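>>> Show me how the following folds:
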Amino acid sequence: MKKIMLVCAAGMSTSLLVTKMEKAAAAMGDEVEIFALPISEGEKRVGDVDCILLGPQVRFQKNTIEKAMDAAGVSKPCDVIDMKDYGMMNGEAVYKKAKAMMGE
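Okay, here's the model as predicted:
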C-alpha cells in the first residue's frame, strides 16, 4: 500500500484535504494511506512514505524535508501542493499529482 504524507504548518489545515484525497483514491479503486503532519514530525517520517507533498504555506520548508531525506539516505518524490488546488481543497487533483509523482 502506498503512503502519501502531507506536510503543513501545524498538521491541522491539511486534514480536510487528506479526507478529500482519500475519497478520490477510493473512487479510483486505490488503496492508499494518506496523512498530514506538521513539519517537525514530517522530517522524522520521510523514510516511511512513498510521496511527500508540502502545503503552500510551508513551501519554504521543502529544503528541510530534502535534507531530512538525505540524512535518512532515502529519495522520495517531494513537491509543493498547487496553491489553487490547496485553496479549493481539490483532493482529486492533489491525489492525481501524487500518483503521477510516484509514477502511476
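>>> buried sites along the lowest-mean-pLDDT helix or strand in the chain?
Within the chain, judged by mean pLDDT, DSSP states H and E, the helix or strand with the poorest mean is helix 39-42; its value is a mean of 92. Across helix 39-42, burial judged by 16 or more other C-beta atoms under 10 Å covers I39, G42. C-beta coordinates here come from the backbone N, C-alpha and C atoms, glycine included.
>>> Show me how far that helix is from its chain's centre.
Remark: helix 39-42 is offset 12 Å from the chain centroid, using C-alpha atoms, centre = their mean, to the nearest Å.
>>> Which strands or helices does that helix pack on?
strand 2-8, helix 62-72 (3 or more C-beta pairs under 8 Å, 6 or more residues apart in numbering; DSSP states H and E).
>>> Now for K23: which residues touch it?
By C-beta atoms under 8 Å, 6 or more residues apart in numbering, K23 lies in contact with G91.
>>> On the three-state scheme, it is what?
helix (DSSP: H, G, I helix; E, B strand; the rest coil).
>>> Kindly provide the distance from it to E92.
Distance, K23 to E92, by C-beta to C-beta, to the nearest Å: 8 Å.
>>> can you list the weak-confidence ranges in this protein?
11-12 (pLDDT under 70).
>>> List the buried residues in the helix or strand harbouring D79.
Here D79 sits within strand 78-80, counting by DSSP states H and E. By 16+ other C-beta under 10 Å, the buried positions in strand 78-80 come out as C78, V80.
>>> Could you list every helix and strand that it packs against?
strand 51-54, helix 62-72.
>>> can we see that at 10 Å?
Under the contact definition 3 or more C-beta pairs under 10 Å, 6 or more residues apart in numbering; DSSP states H and E, strand 78-80 sits against strand 2-8, strand 51-54, helix 62-72, helix 91-101.
>>> List the contacts of the third one.
With contacts defined as C-beta atoms under 10 Å, 6 or more residues apart in numbering, helix 62-72 is touched by 5, 7, 39-40, 42-48, 52, 54, 58, 74-76, 78-80.
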